[in-house]
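K.L.:
just a sequence and a predicted model for now, questions to come.
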Amino acid sequence: MKLSHSVPLLILLAILDPVVSLILGSLALLGVLITLLWWLAGVPHFPFALMLSMSLGLGVTLFPYYALFRLLAR
């Protein structure tokens, strides 16, 4: 990728970094806490594994975002 094409994308990712981190991190933490709360409450037919994997998946989504950020920053 040429330098001239990667700079605007890098600037956009840098501007969106706090928002993306806050939203994905908050949703991941909230999802895990709610999943554990419902599991401990003993809600019948609660899809524990599905909810936990979706919540952790939101946190894992940050890894490709930061990998792209580091790739463009070179």
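P.N.:
Perfect, I can see it now.
K.L.:
please make it C-alpha for all contacts and neighbour counts, starting now.
P.N.:
Will do.
K.L.:
where are the low-confidence patches of the protein?
P.N.:
1-4 (pLDDT under 70).
K.L.:
mind redoing it with 80?
P.N.:
Within the chain, the stretches with pLDDT under 80 are 1-5.
K.L.:
that one: helices as residue ranges?
P.N.:
Ranges of helices in the chain, per DSSP state H, are 3-41, 48-60, 62-73.
K.L.:
name the stretch among those helices that sits most buried.
P.N.:
By mean neighbour count, with neighbours taken as mean count of other Cα atoms under 10 Å, helix 48-60 ranks first of those at a mean of 16.
K.L.:
which helices and strands does it pack with?
P.N.:
Counting contacts by 3 or more Cα pairs under 8 Å, 6 or more residues apart in numbering; DSSP states H and E, helix 48-60 packs against helix 3-41.
K.L.:
how long is stretch 32-51 end to end?
P.N.:
Stretch 32-51 has an end-to-end distance of 8 Å (Cα to Cα, to the nearest Å).
K.L.:
starting at the chain centroid, how far to that stretch?
P.N.:
20 Å (Cα atoms, centre = their mean, to the nearest Å).
K.L.:
can you list the residues that contact that stretch?
P.N.:
With contact meaning Cα atoms under 8 Å, 6 or more residues apart in numbering, stretch 32-51 is reached by 31, 52, 55-56.
K.L.:
what does stretch 67-74 give?
P.N.:
Here stretch 67-74 makes contact (Cα under 8 Å, 6+ apart) with 6-7, 9-10, 13-14.
K.L.:
farthest-separated two in those residues?
P.N.:
Among the contacts of stretch 67-74, the pair separated by the greatest distance (Cα to Cα) is Ser6 and Ala14, at 12.1 Å.
K.L.:
what's in contact with stretch 21-31?
P.N.:
With Cα under 8 Å, 6+ apart, stretch 21-31 has contacts from 51-52, 55-59, 61-62.
K.L.:
can we see that at 10 Å?
P.N.:
Contact partners of stretch 21-31, identified using Cα atoms under 10 Å, 6 or more residues apart in numbering, comprise 19-20, 32-33, 35-37, 51-62, 65-66.
K.L.:
how close does Ala14 sit to Leu22?
P.N.:
Ala14 is 13 Å from Leu22, by Cα to Cα.
K.L.:
cool, thanks, signing off.
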